[in-house]
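Asker: Here's a sequence, model it:
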Amino acid sequence: MSGGVKVKFKGLNAFISGVEKQPAKVKQEVGNIIYETALRVEKSAKKRARVDTGFLRDNIAASKVDTLTSRIDSFAPYSVYLEKGTRFMDAQPFFQPAINMEIVTMYQNIKKVIKEGG
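Answerer: Now for the predicted structure:
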């Protein structure tokens, strides 16, 4: 998100290192799961985003960075203030709840692909 909100996942480096050791087909399938999850998070965040003019909603976008990396950005400069709140305004989270909704399913799907070996 523009404005400095970052989400970190514990154990992510070890996870990526483990996936990197898998056959190319497995890595590709895992990458597809990650990107599909990013698209679902984008859609959910857009549904949850407060709408006055539609600028916030229209500026949430998922993109694929590389095989195992996707990102979801909110380019509205005020995104962080809505997500986290200020001393004058309560938080109106739209981004983190969208991530929380999808993360468990993503890991379950990845675990299944790795277990089946692609």
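
Asker: Just the pLDDT for the residue positioned nearest the centre of the chain.
Answerer: Taking CA atoms, centre = their mean, the centroid of the chain lies closest to A38, which sits 4.6 Å from it. Per-residue pLDDT puts A38 at 95.

Asker: So which bits of the helix or strand harbouring it are buried?
Answerer: Assigned by DSSP states H and E, A38 falls within helix 24-48. Within helix 24-48, the residues that count as buried by 16 or more other CB atoms under 10 Å are 26-27, 29-31, 33-42, 44-46, 48. All C-beta spots, glycine's among them, are computed from the backbone N, C-alpha and C.

Asker: I'd say the residue nearest to the centre of the chain and R71 touch.
Answerer: Yes: contact criterion CB atoms under 8 Å: A38 and R71 qualify, at 6.9 Å.

Asker: who touches both of the two?
Answerer: Residues touching both A38 and R71 (CB atoms under 8 Å, 6 or more residues apart in numbering) are A62, S63.

Asker: all strands for this protein, in order.
Answerer: Listed in chain order, the strands of the chain (DSSP state E) span 60-66, 69-74.

Asker: Pick the most buried one from these.
Answerer: strand 69-74 (a mean of 18; mean count of other CB atoms under 10 Å).

Asker: which residues are contacting that one?
Answerer: Here strand 69-74 has contacts from 1-2, 34-35, 37-38, 41-42, 45, 49, 56, 59-65, 83, 95, 99, using CB under 8 Å, 6+ apart.

Asker: what's the angle from it to strand 60-66?
Answerer: Strand 69-74 and strand 60-66 are oriented at 160 degrees to each other (axes from the mean of the first three to the mean of the last three CA atoms, to 10 degrees).

Asker: orientation of strand 69-74 relative to helix 24-48 in degrees?
Answerer: Using the same axes, to 10 degrees: strand 69-74 against helix 24-48 is 10 degrees.

Asker: Would you report the backbone torsion angles of the residue of the chain most remote from its centre?
Answerer: When each C-alpha in the chain is compared with the mean C-alpha position (CA atoms, centre = their mean), F88 comes out farthest, at 27.9 Å. F88 adopts backbone torsions of phi -100, psi -10, taken as degrees, to the nearest 10.
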